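**Student:** Could you look at this predicted model? Sequence included:
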Amino acid sequence: MDLLIDKGGGSYRLSELGIVVKDVKATGPKLNPTRNNVNFRNGKIYYGSVYEEKNITVTGSYYAVDEYDDQLIQDRINSLIMTSEPFYVSKMYSVQGLYEFERPGETTNPDFTNFANQRAYHYRWRVIASDNVDYDFQGKSGAGLLTNITISLTTADIPYGISQPQDIDLTGQSYLSYKGTAVCSQLEWPFSINMVANSAQGSGFSLTIGNQQFTYAGAAIKQNDVFELKGDSFLLNGLNINDKTNIQYFSIGPSSTGVIPISTDFKGTIVIKNMVNMYL
C-alpha cells in the first residue's frame, strides 16, 4: 500500500520518502441534518441534510540512519503535507499477489513500495491537513531509528472521492454512464455541457438528462452556434442567455442500472466537459 499525492508541481508517493504505509482509513462523509422544533407539534420538521467533510488518516513508519537524518525526513514530510493549499491524495494498492500462495512471510519479503506493483485507486480526495503530523519514535535497531507516523487529513471542500475529470461525447447517445455513488451537481463541481449546432434550426430546443430538463427559447439557431450550459450561467457564442432559458442546472447521480437516459431535439454535437464520478 502507498499514498499518492498530487499537487500542481507534480505527483509524489510517501514511499519515495522511505515511508512504509500501513493503512489509509477514510471515514464516511459527516452528515449534517437541519431539523427544528415547532411549538405544540410532536417531533421535528426536517429541512434537509448536507455532507460536510470526510476525514482520512494515514499511518506508516520509516527508518532513519541517525537523528540528523530523522529530522531531514520529518522536514520533507512536513513540506509535503503541512501546506496551506489543498491537494489531492489517493490510495495505491498492489496489483499482484502479496505472498504468491505461501503463508504470509514464509519465504518472501514483499516490496510494498515497488511502484511497478502499485496502482492508484479510481478516485482521490481533495484535502488539507487537519492536524500536525504525529511522529512517534519507537527505538533503535540494526536497521536504524524507527518512527511511526500518523497523518490526519480532511476534505478541503467536496466531501467525496473524485475520479479524474474527462470529457464525454454524448452526440447521438441515449444514455449517460455514471459509476459514482454520490451525486455530482453542477453547483458543486464545474462540469459544463457544450453544444455546437451542425445546421440551422428553430428558435428553441430542450435537453433532458434523467428527470431534469433544460430548455432554450430565443433567437433562431444558426449553424456552428455554440451553447455552454454551466449550471449557474448559460452562454450562446460567449454571451449570457440566462433570460432565454429555464435556468436548469444538472445533478448526475447513481442509479440502479448505472446509466441515465438522455433525450434532446438539438441538432449538433453534445459534449460534457470536465465530468467526474463522485464516491461517498
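**Tutor:** Arrived safely. The model shown is predicted, which means the values in this text are computed figures rather than measured ones.
**Student:** All the strands of the stretch 151-280 of the chain, in order from the start?
**Tutor:** With DSSP state E, counting those that start in this stretch as the criterion, the stretch 151-280 of the chain has strands at 161-162, 166-169, 175-177, 184-185, 192-197, 204-209, 212-217, 226-229, 234-236, 239-240, 251-252, 259-264, 268-275, 278-279.
**Student:** Let me know which of the ones you listed is tucked in deepest.
**Tutor:** Comparing the strands of the stretch 151-280 of the chain by mean neighbour count (mean count of other C-beta atoms under 10 Å), strand 161-162 ranks first with a mean of 24. All C-beta spots, glycine's among them, are computed from the backbone N, C-alpha and C.
**Student:** Centre of the chain to that one, how far?
**Tutor:** 2 Å (C-alpha atoms, centre = their mean, to the nearest Å).
**Student:** With stretch 235-252 instead?
**Tutor:** With C-alpha atoms, centre = their mean, you get 25 Å for stretch 235-252.
**Student:** on contacts alone, who are the packing partners of the helix or strand of the chain with the lowest mean pLDDT?
**Tutor:** Ranked by mean pLDDT, DSSP states H and E, the weakest helix or strand in the chain is strand 118-120, scoring a mean of 84. Contacts defined by 3 or more C-beta pairs under 8 Å, 6 or more residues apart in numbering; DSSP states H and E place strand 118-120 against strand 87-94.
**Student:** rewinding a little: now mean pLDDT and distance to residue 55 too, for the strands of the stretch 151-280 of the chain, in a markdown table please.
**Tutor:** Below are the strands of the stretch 151-280 of the chain laid out as a markdown table (pLDDT from 0 to 100; distance: least, C-beta to C-beta, whole Å):
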| stretch | mean pLDDT | distance to residue 55 |
| --- | --- | --- |
| strand 161-162 | 96 | 13 |
| strand 166-169 | 96 | 28 |
| strand 175-177 | 95 | 30 |
| strand 184-185 | 96 | 21 |
| strand 192-197 | 97 | 31 |
| strand 204-209 | 96 | 33 |
| strand 212-217 | 97 | 32 |
| strand 226-229 | 97 | 34 |
| strand 234-236 | 97 | 37 |
| strand 239-240 | 96 | 40 |
| strand 251-252 | 95 | 25 |
| strand 259-264 | 96 | 31 |
| strand 268-275 | 97 | 27 |
| strand 278-279 | 96 | 15 |
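**Student:** Fine by me, we can end here.
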